[in-house]
Every structure is written in C-alpha cells, then in structure tokens.
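J.: Show me the folded form of this:
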Amino acid sequence: MPPLATAAAQPFMVQAVVLIVAAAVIAYLSYRIGLVPIVGFLLAGAVIGPHALGLVKDPELVNQAAEIGVMLLLFTIGIEFSLDKLASLKTLIFGGGGLQVVLTSLATMLLLRLGGVPWQAGLFTGFLVALSSTAITLKLLADRGESDTAWGQVALGLLIFQDLAVVVMVLLVPMLGGQLGSTADIVIALTKALAIIAIVLMVARRVMPPLLERVARTCSPELFLLAVVAICFGTAWLTSLAGVSLSLGAFLAGLVVSESRFSQHAFGEIMPLEILFSAMFFVSVGMLLDGPFVLAHLPLVLLAVAVVLVLKVLVTTGAALALGYPLSVAAASAFVIAQIGEFSFVLARAGESAGLFPAGRADAGGPTFIAASVLLMVISPQLAAIASSVSRRLDRRRVVREAERVMDADRGEPVSVALSDHVIVAGYGAAARHLVRVLRGSGIPFVITTLNPGGAREAEAEQLLVLRGDAGRQLTLTRAGIERARVVVIADDDLPTTYRVSAVARTLAPGARILTRTRYMSEIASLKEAGSDHVVSEELESIVGLFSEVLRTYKVDAADIESHEESIRGGGYAALLPSEDAAKPAPAGHTGHLLDTTRTVTLTTTSTACSHLDQSHPVKPASSGCAECLRIGSSWVHLRICMICGNVGCCDSSPNRHATAHYHASGHPIMRSGEPEETWGWCYVDQIEL
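T.: You can find the predicted model right below:
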C-alpha cells in the first residue's frame, strides 16, 4: 500500500498550503483596511507569485484549480437565473454584445494603427481589450445586490456574448498570424457551438427536473452534491467539445439546474466549493503580475490602464445607447465591465503561439498587457461603486428634467377637487387599494389619481373620487388639490415614475408630506433627494418584521421592541450590521447602558464662565455606546457625548477614557453626560462643569 504522503506529493501539498494560507491572511488584512476580498486574493497572488517571493513553483497547478473556480462561480450564477430571463436578454446579448465587441476591437486597432502597429496585431489586441471579466463582474454584482438592476442585466448580456465571441476569436488568431484557417472553419465551429447550446437548453427543460427529483428523494446529501457537481462538470465538458469555453458551459449547467425546484438546494451545497476554488482563480491572476516590470515602466502601464478604461466606457455606453437604454443604464453597465477579462489571458497565449503580441510588441507588449489587466481587476470594486453612483445621479437628473418639462407643458387654469387637508393617492395598485380601504373606513378625505383605465373604473364603481391622469404632471396634481393636501402617497411599482411624481409634488407643495415605497433600501436616499419625506422599503420592513417577531417570541417588552424598530428604520442596515457601532451589543462586563441614536441630545445651561458654549449645538449620538470600546470589544462604565460632533466615548472612570481622548484628538471642548437622568456638561478647556 503506498504511503499517505509520497515524495512526489509533498511539493504539491507545500504549494497548496502556501497558496491557501497566503490567500486567507492577505484577504483578511485587505478586509481590515477596507478592501474587498477579491483585491486581497489578487494581492496574495502577486506576493507569492514567481515575480515576488516565488513561493509557488508550479503556476500550472494553480491555473487548473482556478479554472475549476471560474466554472463553479458561473455555475452558481446560472442557478440564480432562468431560461425565461435569459431569453428576455437575447436582443441585448446578440445586438448589444455584438456592437460592444466589434466596436471595441476596431477602435483599438485604429488607435494602434496611428502608432504604426500592423492591423493584424492591432485587431488581436482589440480582441484582448474587448473581453471583460465575467467572474469578477458577476461576483461584484451579486455581492452588492445589483444583479437585478437594469444596468446589471445589460452587463450580463454583454458578458454572455463576449464568452461566445471567444470561440470565434480563438479561430481567428491563427489567420491573423498568417497560419492556416478559413471562414468555413469559423462557420462550422460556431454552428457546432450553437447546436451544443441548444441541446443543453433542451435537456434543461425535459430531463433535468425529474432527474434531480429522483436524486433528492434519496435524502443523501453526499449523493446530491455529487450529482450537482457532475452536472456542472459534465455540461461544461460537453460544451467544450464544440469549442465553447468551460465557464460558459458551467453557466449553461447552472441554467439547467435552475429549472428544477431543487435549484436553491443545489446552490447551497455547491457554494462552499465555489468560494474555495474561485479564490484560487483570483490568486492565479495575481501571480501573473510582474512587480519589477510595473515599477520600471509605471507610466506606460498607467497609460495603458487609462486608455483601456476610457475606450471601454465610451464604446460600451454607445452600444447600450444604440439599443435604446437610457444614459444612466448605459454608463453604469460600461463602468462595471471596464476591466479586461480572464479569457484575454487564454487568448494572449494562443496569440503568442501564432506570433502575435499585444500592441505588436514582443518585448513589452505582454507584460504591459498583464499589468494593466491585473490593475483594472484590482480597481473593479471601485468601478462597480462608480457604476452605481453614476446610475443614481443620471436617473435623478433625468427625472428632474422630465418633471420640469411636464410642468412647463401643464401651465394653465385647471379645475381642482373640492377637498382640503386630504390625501392624494398616486396610482391604484394593490398597495393603494389596501390604503384606500383604511382611509375610507377612518373617514379621512382622499382622492385617487391613476392612468390605468381598469383601476379607475374599479374605483369609480365603488363610488370613490378618482382623477384620470398622470400624477407626475402639474395639471393632474393641481386638479387633485395638491396645494391644500396634507399627504401625498406614491404607491407606484415603477421606480422612475415614483422619482418623477415625488419631484413634481415637492415643487408644487413644499409643505405636504410625501410618502413613497420601494423594493430596495439602496433606493431610499435617492427618493428622499427627489422629494420624499418618508420611504417604506420592502427589504427593510421584512427585516424589521422578522426580528420583531423573534423578540415577541422571547417576551421582550413591547416598548423596547418599538424602540428597536424605530432605530432600525432610522438607521437602515447600519443599525443591524456588526461593523456599525450603533448596532453592536454592549461588551460583556460593561456597567453602563446603551443610547438611543434616534433622539437629539441638547445641553441647557446658564453658565457664563465658559467661553466655548457657542460651539455646542443639539446632536444625535453617533453610536449607541462608546465607539472605540465597541470597535475593540472593550467595556465602559459611563458614557459621554460630544456636543460638537455627537461622538460617544467612555468616561475617565472607564478603562480606556475615550471621551477625553476624543477631546485631545479633535479639540472639541464641550461634552455632556450620556447617563439617564443626568444633564450636566463639561468644558475640557475651562475645566468647569456646565
């Protein structure tokens, strides 16, 4: 019987241990300084790679594990989709994706031709630039909860086409390098790929649901996991026979599983494997980075990064605009896929075999391309954040312009309903119907505005006061008595419509209370900027409902539950996340209490001996306990509140004296006690009690 650890196996084990430990440690350190794990994995690869410490001697082993990681990542993403959703993107995939790839490739070729690079090498470089990282983009969108946004869907459609285009690009590379190949070869290969994809999708509808049903009935988690992995790898291998990338095959396998009612079960089983192997993918990419080359040619690398970034953003934005998407969606999708993809490295190796190099430079082309690609991957989280910000800002501007246009078109002398101190219900969907029943039963006057003829007829049949018209137009709101209304409720399901109605209503009635609803918490801030006084988020309310029910089960006092609910609604997720001071429980052993961060604290004194009182003003506590103690897991005795910025620190009787430390660090002189029934303050400069 062979020994458990042979001499041949030991080098592999050493490298595997180095890789995993380095990835874990550097990813943790990156997290501590505010970087996302993906960046940590890339940095880990750069540190242990052959161009730095050289701890991993056989990069090919890492590359093989990385390929499995990409497959599992796209498999899990495919599970969360459906064939119906994919079918709805067909125009975007082939229309927008085709435009993006072709225009990016040609634009890159033309730029390089200006520098004297042959068109063959220029077009090859264009292929490399046109491809984006499916793994990174979809991972970032999933982590940020933005996969279902309009621009997230556009990014997905473009990425799917890019993965399909790799098949053609690989076949074109030998032709560009002067080797054998023909148009017929390309047509045949593409036909084979589409045929394989069609077969896979047919299996998804007919074969996979009953198959997974049989496996699940065994109630064996081991068997179910093996079956899911077999589907992933088997489908990927089958599609690879037609020249389609393994990762695209794995995505199709996920779509196959998504048609089964056990798709979420499969998702949960495969997730731990996906996390491990996808980490290896990002590490393997980082290992390609040649640090000494980057330092020696930093201006060239940064120029390449800037050119690629600007080119891809402009071309991708234009491709999406050509399909009729608004600028906010087009620009956001462009930023999120502005990096260079993992398949570009595969294509670069194929080009090298055919005598083709990035920018036609055999000496510096390859290292510069790799350095620029890795740097773009490193800043991908920032690009995703920019995409989200750009989308929100452009949406708000579009809404305001539309509101102004509509208001200008509606100037006139409209006839108003004879109501005052009433509620205007904009829209007549399911939520509005429930609200109207309550208003009617409570005797509160209201008027409904709707563009839906069916909804209007239904309301009129119940003898309700209805105005047929767009609540986003000045004429409709004026007829509804907006200047005399107390409350405007916008219960529309369409977010842009909600923005527009809020903006118009706020302009016409600055004193009215505007209430809106939305699905996601991320949209609350922008709706408030548009004019809403209060936004009800379905996402947030579901969380509030869950934890409130748990507290009721444990017989927590109703007043305490209500206080917690107000705190959560006021602070959003910040009040729930352990990384936020406001939500952290008090450390074990503390003898103080927690503050209500929703209440304003004031300092009232008649002292004339202190010359710094003019700096004091009402504040809300920035955290429910001592901010520094909560961060380090320490304890406190009493709490003190800075009356300049709201910082909460512990008293001088506490082990760390963070209130006094805050004064020395910030120079804020006035604080007050945060203890119940205590209203005294203290001036650190004058050393007197207030």
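J.: Please list all residues in contact with the nearest residue to Gly469 once chain neighbours are set aside.
T.: Distance criterion CB to CB, 6 or more residues apart in numbering; nearest residue to Gly469, sequence neighbours excluded, is Thr476 at 3.6 Å. Just so you know, the C-beta spots here come from the backbone N, C-alpha and C atoms, and that holds for glycine as well. Counting by CB atoms under 8 Å, 6 or more residues apart in numbering, Thr476 touches 449, 467, 469-470.
J.: which of those has the most neighbours?
T.: Using other CB atoms under 10 Å as the neighbour test, the contacts of Thr476 are led by Thr449, with 28 neighbours.
J.: who does the host helix or strand of Arg349 touch, helix- and strand-wise?
T.: Assessed by DSSP states H and E, Arg349 sits inside helix 342-353. Contact here means 3 or more CB pairs under 8 Å, 6 or more residues apart in numbering; DSSP states H and E; on that basis helix 342-353 packs against helix 119-130, helix 150-176, helix 263-287, helix 365-378.
J.: related to what we said a few turns ago, might you specify the subset of the contacts of Thr476 located within strands?
T.: Cross-referencing the contacts of Thr476 against strands under DSSP state E gives 449, 467.
J.: Going by distance to Leu613, which of the contacts of Thr476 wins?
T.: Distance to Leu613, by CB to CB, is smallest for Thr449 among the contacts of Thr476, at 50.8 Å.
J.: pretty sure Asn647 is in contact with Ala622, am I right?
T.: Yes: here Asn647 lies in contact with Ala622, judged by CB atoms under 8 Å, at a distance of 5.5 Å.
J.: neighbour-wise, which of the two wins?
T.: Taking other CB under 10 Å, Asn647 and Ala622 do not tie; Asn647 has more neighbours (24 against 16).
J.: Check the more buried one and give its pLDDT.
T.: Note on Asn647: pLDDT of 88.
J.: Please parse this protein into its domains.
T.: By the record's domain assignment, the chain is partitioned as 9-393, 416-532, 540-576, 613-689 (automatic domain parsing).
J.: Out of the ones you listed, flag the one nearest Leu595.
T.: Of all those, it is domain 613-689 that lies closest to Leu595, at 4.5 Å by CB to CB.
J.: Need the mean per-residue confidence for stretch 674-685.
T.: Across stretch 674-685, pLDDT averages out at 83.
J.: Would you pull up how far it lies from the middle of the chain?
T.: Relative to its chain's centre, stretch 674-685 lies at 42 Å (CA atoms, centre = their mean, to the nearest Å).
J.: And for stretch 383-395?
T.: Mean-position distance between stretch 383-395 and its chain equals 11 Å (CA atoms, centre = their mean).
J.: Centre of the chain to stretch 235-248, how far?
T.: Its chain's C-alpha centre lies 29 Å from the corresponding centre of stretch 235-248 when counted by CA atoms, centre = their mean.
J.: Ok, stretch 430-445 next?
T.: 36 Å.
J.: send the alpha carbons of it over as PDB?
T.: Coordinates of each C-alpha in stretch 430-445 appear next as PDB, following Å, rounded to 0.1, in the frame of the first residue of the first chain:
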ATOM      1  CA  ALA A 430     -52.500  46.500  -4.800                       C
ATOM      2  CA  ALA A 431     -50.900  48.700  -2.100                       C
ATOM      3  CA  ALA A 432     -53.000  51.700  -2.900                       C
ATOM      4  CA  ARG A 433     -56.200  49.600  -2.700                       C
ATOM      5  CA  HIS A 434     -55.400  48.500   0.800                       C
ATOM      6  CA  LEU A 435     -54.600  52.000   1.800                       C
ATOM      7  CA  VAL A 436     -57.800  53.400   0.300                       C
ATOM      8  CA  ARG A 437     -59.900  50.900   2.400                       C
ATOM      9  CA  VAL A 438     -58.300  52.100   5.600                       C
ATOM     10  CA  LEU A 439     -58.700  55.800   4.600                       C
ATOM     11  CA  ARG A 440     -62.400  55.200   3.800                       C
ATOM     12  CA  GLY A 441     -63.000  53.400   7.000                       C
ATOM     13  CA  SER A 442     -61.300  56.100   9.000                       C
ATOM     14  CA  GLY A 443     -63.200  58.900   7.400                       C
ATOM     15  CA  ILE A 444     -60.000  60.600   6.100                       C
ATOM     16  CA  PRO A 445     -60.700  62.500   2.800                       C
END
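J.: Buried ones in it, by neighbour count?
T.: Under the neighbour-count criterion of 16 or more other CB atoms under 10 Å, stretch 430-445 has 431-433, 435-436, 439, 445 buried.
J.: Also stretch 504-524?
T.: Under 16+ other CB under 10 Å, the buried positions of stretch 504-524 are 504-509, 512, 514-518, 521-524.
J.: Check stretch 616-628 too.
T.: For stretch 616-628, the neighbour count (16+ other CB under 10 Å) marks 616, 619, 621-628 as buried.
J.: Same list, the residues you listed, but as TSV with distance to Met271 please.
T.: Shown next, in TSV, are the buried residues of stretch 616-628 (distance: CB to CB, whole Å):
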residue	distance to Met271
Ser616	51
Val619	43
Pro621	38
Ala622	36
Ser623	33
Ser624	33
Gly625	34
Cys626	37
Ala627	34
Glu628	36
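J.: so how far does stretch 664-684 reach from one end to the other?
T.: One end of stretch 664-684 sits 9 Å from the other (CA to CA, to the nearest Å).
J.: Quick one: mean pLDDT for stretch 341-351?
T.: The model assigns stretch 341-351 a mean pLDDT of 79.
J.: re earlier: which two in the contacts of Thr476 are spaced the farthest apart?
T.: Leu467 and Asp470 (10.1 Å).
J.: can you list residues touching both of the two?
T.: 449, 476.
J.: From the buried residues of stretch 504-524, which land in helices?
T.: Those of those mapping onto helices are 504-508, 524, per DSSP state H.
J.: what would the residues you listed look like in CSV with pLDDT and distance to Pro669?
T.: Shown next, in CSV, are those (pLDDT from 0 to 100; distance: CB to CB, whole Å):
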residue, pLDDT, distance to Pro669
Val504, 86, 46
Ala505, 87, 44
Arg506, 85, 39
Thr507, 84, 42
Leu508, 86, 45
Ile524, 77, 35
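J.: Would you check which pair of those lies furthest apart?
T.: Top of the distance list for those (CB to CB): Leu508 and Ile524, 22.6 Å.
J.: which residue is nearest the centroid of this protein?
T.: Nearest to the mean C-alpha position of the chain, by CA atoms, centre = their mean, lies Arg144 at 2.4 Å.
J.: How about that one, nearest residue that isn't a chain neighbour?
T.: Leaving out its chain neighbours, the residue that sits closest to Arg144 by CB to CB, 6+ apart is Ala384, at 6.2 Å.
J.: ok, now which ones touch that neighbour?
T.: 137, 140-141, 144, 146, 335-336.
J.: what's the closest of the buried residues of stretch 430-445 to Cys232?
T.: Among the buried residues of stretch 430-445, Ala431 lies closest to Cys232 (CB to CB), at 40.6 Å.
J.: looking at it, that closest one is touching Ile490, isn't it?
T.: No: using CB under 8 Å, Ala431 is not in contact with Ile490, being 10.1 Å away.
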